[in-house]
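Asks: Fold the following and give me the result.
(chains A, B and C)
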Amino acid sequence: MDICGKAGELLINIRRNRPLIHHITNYVTMNDCANIILALGGSPIMANDPSEAEEVAAMAKALVLNLGTPGNDSLRSMLMAGKKANELNIPVVFDPVGAGVTCFRKGMCTKLLAEVRPSVIKGNISEILHLSGKPSCSSGVDSSEEVSNIADIVKGLAKAMDCVVAATGRTDIVSDGSITYAISNGHEMLSRITGTGCMTSSLIGAFCSLTPDCFTGAAAGILAMGISGQLAHDSLLPGEGVGMFKVRLLDNVYRLDKEIFIRKGEIYVQ
Amino acid sequence: MDICGKAGELLINIRRNRPLIHHITNYVTMNDCANIILALGGSPIMANDPSEAEEVAAMAKALVLNLGTPGNDSLRSMLMAGKKANELNIPVVFDPVGAGVTCFRKGMCTKLLAEVRPSVIKGNISEILHLSGKPSCSSGVDSSEEVSNIADIVKGLAKAMDCVVAATGRTDIVSDGSITYAISNGHEMLSRITGTGCMTSSLIGAFCSLTPDCFTGAAAGILAMGISGQLAHDSLLPGEGVGMFKVRLLDNVYRLDKEIFIRKGEIYVQ
Amino acid sequence: MDICGKAGELLINIRRNRPLIHHITNYVTMNDCANIILALGGSPIMANDPSEAEEVAAMAKALVLNLGTPGNDSLRSMLMAGKKANELNIPVVFDPVGAGVTCFRKGMCTKLLAEVRPSVIKGNISEILHLSGKPSCSSGVDSSEEVSNIADIVKGLAKAMDCVVAATGRTDIVSDGSITYAISNGHEMLSRITGTGCMTSSLIGAFCSLTPDCFTGAAAGILAMGISGQLAHDSLLPGEGVGMFKVRLLDNVYRLDKEIFIRKGEIYVQ
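Replies: Okay, here's the model as predicted:
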């Protein structure tokens, strides 16, 4: 079965089992992340406090670590929960939001990646470039030449970190270090509401929660967001904008099914 | 007048007086809770910090304590605000989110209930079972046999704690320890967006803020959420899902009135 | 060119340059503030933690300080970021949410205004009265006699603080200490959802980010919110309420342009 079919099967499984997805995440988009997990069919728990991070991680089916609003307490929680998840073979999705932007975030990334082994690292292109030790340009990637270059960088980081790496942009790239996929779903409007990057990481967490195949899980999460974004945009009426787009995005994640994955997914080997 | 009529009268009173409802609540759904209070006609204030919790409690008409994202600071604030509210006879609504899930939450519940006297405890069935010292199953309550059993547990906890207790589920149960009501409004979709439990506690806070009758206040809050959820679901068009459901939920709380309570409320003595 | 035309030109510039707007803001509405900046065309960053506040401020085009959920950590961050912004001539918008409500907020206001020089102070009338040392009434301003009085207070505070001051209410007042404008856009429904005050401050931050003329920037932010609120209300269908109003508010900020500013803006010299 191809990736889109497998993504559809994973979705059926998520809706049947309602896996608990533990988030240690930022305060800006945590409501959105909880809602996207519920819309998909999973069960979110946002437990940022060091007093319970480890215990919650141990009962979850996946752990999502998101650096959006970093602080010393959340770093502590991420280390505790991440190590516990590693110990119990619970998949860890790491979203290094703003990785290279401040010294504090750089330090957090270094510390986390030294002590916690992620199953999937998902970032935008600037963030992935930073983790790869490359000088980052924040202006995005707009030409196909650059995309092929990005694919090499993503593949290199996946090999170096021995995990799946996903870089989102106009074209999304997912690699496990040997095979690399490009995904061309999505819509520009996804960058005009907050939280779509964070929600993508949450979706990846859910899709990785019931399978050992995190490569497919990462691709499925990105496909789910990209396809839902396209459908949301296509359903807008004249006069509507980002407010209604966000409503329709959630509607479409809620209504996603295997058939939609197969019909709409645009994923190909790089 | 029956409960639905009384709920409608309380709503008129809330819209006339715009009572200040103090929340010490979780970071995931605090925006939703503020919006539901405004939609109903009250005035929310979210003041979690120990530096002002007591002072804000003293000027509020009700205090809502919600355990969704617990921490030592919020525990301190809850204790300070809760004692002040008790001292001034301001009603306290306690929502023990995830009560039995972690040691930290168990400890917080014990400490809070030892030092603060709630007017209403509102939880889902697992949470109420935990507070009752019963082994909890997280799968909910799906048969009528179980409901009658739950009714006894709710009534027992209400008697033991000398307060109103509400347990939400497929059928909601509210008891003051002597009389017990079952409410069968609501819709399954309410469990597919985050915050509906928290928002119900906020609504209960508002409905308890202008009356000494917290039994009616608790029932009114649950009726308001359940009826609005049903109306929200009924208004969905083909192709719509949880995104639009949440929009319509707020629309319907905003448009609630006495006549709707009376026409749609399904509450009966257990 | 008049203020509405200038506001339209600033908007074109924001969409072209996507200025980074740093927020140190409250946990209740930070998602809304990020979304309104994105809807307008800017780039929000919510960085509350002292560990990176100064560094983020230095790379931003405007800094928005919002007192909605105050605490000692956010005070520290505000002081560090505010001083850095002053040093680098980055405009600072200060929103003293609940300024007079608690001792802690009073103290924070005093400390902040002693150490940080805002370009714009934006509050509701109670908050502006508090900062002016006037006894505050929280019931708002409903008569034109009172409005003219408020205009004097706003102008006086602007002169005393040597910055632009904006007071929102049924009629909004903006003054730089010598000229004073009244803006009569807006709709009552804006007060029935949370975050419209905070979002107005965010919009002001964006409109001040690419011009030294913070007087026009402040007026443009208030016009943008007021006009979008009116258009949102006008587009509601029978049966819709605050849920859909918020969706339409974001839609209309996203669709705002120079022509709409000129056609709908109601601003006149006081």
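Asks: Up against chain B, what does the stretch 151-270 of chain A have?
Replies: Where the stretch 151-270 of chain A comes near chain B, counting by C-beta under 8 Å from any C-beta of the partner chain, the residues are A:235, A:246-255. C-betas here are computed from N, CA, C, even on glycine.
Asks: Keep those residues, but drop any that are not near chain C.
Replies: Within those, those near chain C by C-beta under 8 Å from any C-beta are A:246-247.
Asks: among the residues of the stretch 151-270 of chain A next to chain B, which two are most distant?
Replies: A:246 and A:255 (15.2 Å; C-beta to C-beta).
Asks: The two: which has the busier surroundings?
Replies: Between residue A:246 and residue A:255, counted using other C-beta atoms under 10 Å in any protein chain shown, residue A:246 has the larger neighbour count: 24 against 16.
Asks: leaving aside the residues next to it on the chain, what's closest to the more buried one?
Replies: Leaving out its chain neighbours, the residue that sits closest to residue A:246 by C-beta to C-beta, 6 or more residues apart in numbering or on different chains is residue A:193, at 5.0 Å.
Asks: Confirm for me that the one you found is in contact with residue C:32.
Replies: No: using C-beta atoms under 8 Å, residue A:193 makes no contact with residue C:32, being 11.3 Å away.
Asks: hey, C-alpha coordinates of the longest helix belonging to chain A in PDB?
Replies: If you go by DSSP state H, chain A has its longest helix at helix A:214-234. Only the C-alpha atoms of helix A:214-234 are listed here, as PDB (Å, rounded to 0.1, in the frame of the first residue of the first chain):
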ATOM      1  CA  CYS A 214       7.200   7.100  12.200                       C
ATOM      2  CA  PHE A 215       8.300   7.800   8.600                       C
ATOM      3  CA  THR A 216       4.700   7.100   7.500                       C
ATOM      4  CA  GLY A 217       3.400   8.800  10.600                       C
ATOM      5  CA  ALA A 218       5.300  12.000   9.800                       C
ATOM      6  CA  ALA A 219       4.200  12.000   6.200                       C
ATOM      7  CA  ALA A 220       0.600  11.300   7.300                       C
ATOM      8  CA  GLY A 221       0.500  14.300   9.700                       C
ATOM      9  CA  ILE A 222       1.800  16.700   7.000                       C
ATOM     10  CA  LEU A 223      -0.600  15.300   4.400                       C
ATOM     11  CA  ALA A 224      -3.500  15.700   6.800                       C
ATOM     12  CA  MET A 225      -2.700  19.300   7.400                       C
ATOM     13  CA  GLY A 226      -2.000  20.100   3.800                       C
ATOM     14  CA  ILE A 227      -5.100  18.400   2.400                       C
ATOM     15  CA  SER A 228      -7.300  19.900   5.000                       C
ATOM     16  CA  GLY A 229      -5.900  23.400   4.300                       C
ATOM     17  CA  GLN A 230      -6.600  23.000   0.600                       C
ATOM     18  CA  LEU A 231     -10.100  21.800   1.200                       C
ATOM     19  CA  ALA A 232     -10.700  24.700   3.700                       C
ATOM     20  CA  HIS A 233      -9.500  27.200   1.200                       C
ATOM     21  CA  ASP A 234     -11.600  25.700  -1.600                       C
END
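Asks: List the buried residues in it.
Replies: Within helix A:214-234, the residues that count as buried by 16 or more other C-beta atoms under 10 Å in any protein chain shown are A:214-233.
Asks: so who does residue A:270 touch?
Replies: A:148, A:151, A:173, A:175, A:180-182 (C-beta atoms under 8 Å, 6 or more residues apart in numbering or on different chains).
Asks: List, out of those, those positioned next to chain C.
Replies: Counting by C-beta under 8 Å from any C-beta, no member of the contacts of residue A:270 is near chain C.
Asks: Compile these into JSON lines and extend it with columns for distance to residue A:125 and neighbour count.
Replies: Putting the contacts of residue A:270 into JSON lines (distance: C-beta to C-beta, whole Å; neighbours: other C-beta atoms under 10 Å in any protein chain shown) gives the following:
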{"residue": "A:148", "distance to residue A:125": "13", "neighbour count": "13"}
{"residue": "A:151", "distance to residue A:125": "11", "neighbour count": "19"}
{"residue": "A:173", "distance to residue A:125": "9", "neighbour count": "27"}
{"residue": "A:175", "distance to residue A:125": "13", "neighbour count": "26"}
{"residue": "A:180", "distance to residue A:125": "14", "neighbour count": "18"}
{"residue": "A:181", "distance to residue A:125": "16", "neighbour count": "23"}
{"residue": "A:182", "distance to residue A:125": "13", "neighbour count": "19"}
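Asks: Please tabulate those in CSV, including the columns pLDDT, distance to residue C:270 and secondary structure.
Replies: Compiled in CSV, those are given as follows (pLDDT from 0 to 100; distance: C-beta to C-beta, whole Å; DSSP: H, G, I helix; E, B strand; the rest coil):
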residue, pLDDT, distance to residue C:270, secondary structure
A:148, 64, 60, helix
A:151, 95, 60, helix
A:173, 97, 56, strand
A:175, 98, 62, strand
A:180, 97, 63, strand
A:181, 97, 61, strand
A:182, 97, 58, strand
